[in-house]
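S.K.: Could you work out the structure for the sequence below:
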Amino acid sequence: MIQARGIQKHFGPLQVLKGIDLDIVPGHVTAIVGPSGAGKTTLLQILGTLSIPDSGTVTYDSDNPFTLSDRRLSEFRNRRIGFVFQQHRLLPEFNLLENVAMPALISGNSRREAFEKARMLITRLGLGHRLEHRPAELSGGECQRASVARALINSPQVILADEPSGSLDSRNKNELHRLFFELRDEIGATFVIVTHDETLASDCNHVIHMLDGRIDRVSHNS
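M.R.: Okay, the predicted model is just below:
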């Protein structure tokens, strides 16, 4: 579904990625692990089209998003990629329903359709009683579940998550991780997760081990 070939990235004189070749398997959860400075987040940002590689290609079903105009790239990102960050990045002035519906509204869905899809997702993720609450009224775990719902609203090809449980306590962290695998099993969701959590990585279908800007090895779990 997603292929990266020969990805290189520099920040000034520092080469952060040194020729990454990678395939993301649909319907699986893939973890990217490695020490700080290995290039994990930079790779995730390039896969998500948030950063442009200096060389190499990224294709989604043979489509190269980096050949698109800025406007069409934004549309591509909105429709085909979902994001979950360490900090939930919900908009504080909007309630939960409005936050989750936002990407669908941006993609051109009617308000009725966007809100109906958002309501269904929020209920599926166990937050149906929180629809009218703003982020400040939600727990950290609830905010992260809401961010997963927001990432799913446009039925993207892949959800990219950067340390999604890094700011959560143990109970909420475990609940969030369980949610990823439930979504994989129930709707065939594809996740790529940058994480330092060894327990999460051990449960993923594939683990990409990065070191010094390269893929050191790839392991596969049953």
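S.K.: from the chain's centre, how far out does the helix or strand hosting R71 sit?
M.R.: Following DSSP states H and E, one finds R71 within helix 70-80. In terms of C-alpha atoms, centre = their mean, to the nearest Å, the centre of helix 70-80 is found 15 Å from the chain centre.
S.K.: Quick one: list the elements packing against it.
M.R.: The contact analysis (3 or more C-beta pairs under 8 Å, 6 or more residues apart in numbering; DSSP states H and E) places helix 70-80 against no helix or strand. No exception for glycine: its C-beta is placed from N, CA and C like everyone else's.
S.K.: now it: mean pLDDT?
M.R.: The pLDDT scores in helix 70-80 average 95.
S.K.: And the longest helix belonging to the chain, what's buried?
M.R.: Using DSSP state H, we find that the single longest helix of the chain is helix 170-187. By neighbour count with 16 or more other C-beta atoms under 10 Å, helix 170-187 contains the buried residues N172, K173, L176, H177, L179, F180, F181, L183, R184.
S.K.: One more: stretch 193-212?
M.R.: Buried residues in stretch 193-212, counted by 16+ other C-beta under 10 Å: 193-195, 197, 200-201, 203-210.
S.K.: quick one: which two of those residues are the most distant?
M.R.: Largest separation among the buried residues of stretch 193-212 by C-beta to C-beta: D203 and M210, giving 18.8 Å.
S.K.: and the gap between the spatially closest residue to F76 that is not a sequence neighbour and D162?
M.R.: Excluding its sequence neighbours, the residue lying closest to F76 (C-beta to C-beta, 6 or more residues apart in numbering) is P65, at 4.9 Å. According to C-beta to C-beta, to the nearest Å, P65 stands 19 Å off from D162.
S.K.: Tell me where the chain has strands.
M.R.: Listed in chain order, the strands of the chain (DSSP state E) span 2-11, 14-24, 29-33, 55-60, 81-84, 158-162, 191-194, 206-211, 214-220.
S.K.: circling back: list the contacts for the residue nearest to F76?
M.R.: When contacts are counted by C-beta atoms under 8 Å, 6 or more residues apart in numbering, P65 touches T49, V58, L73, F76, R77.
S.K.: again, 7 Å this time
M.R.: Contacts for P65 (C-beta atoms under 7 Å, 6 or more residues apart in numbering) come out as T49, V58, L73, F76.
S.K.: Quick one, which of those residues are buried?
M.R.: Of those, these count as buried by 16+ other C-beta under 10 Å: T49, V58, F76.
S.K.: Thank you, goodbye.
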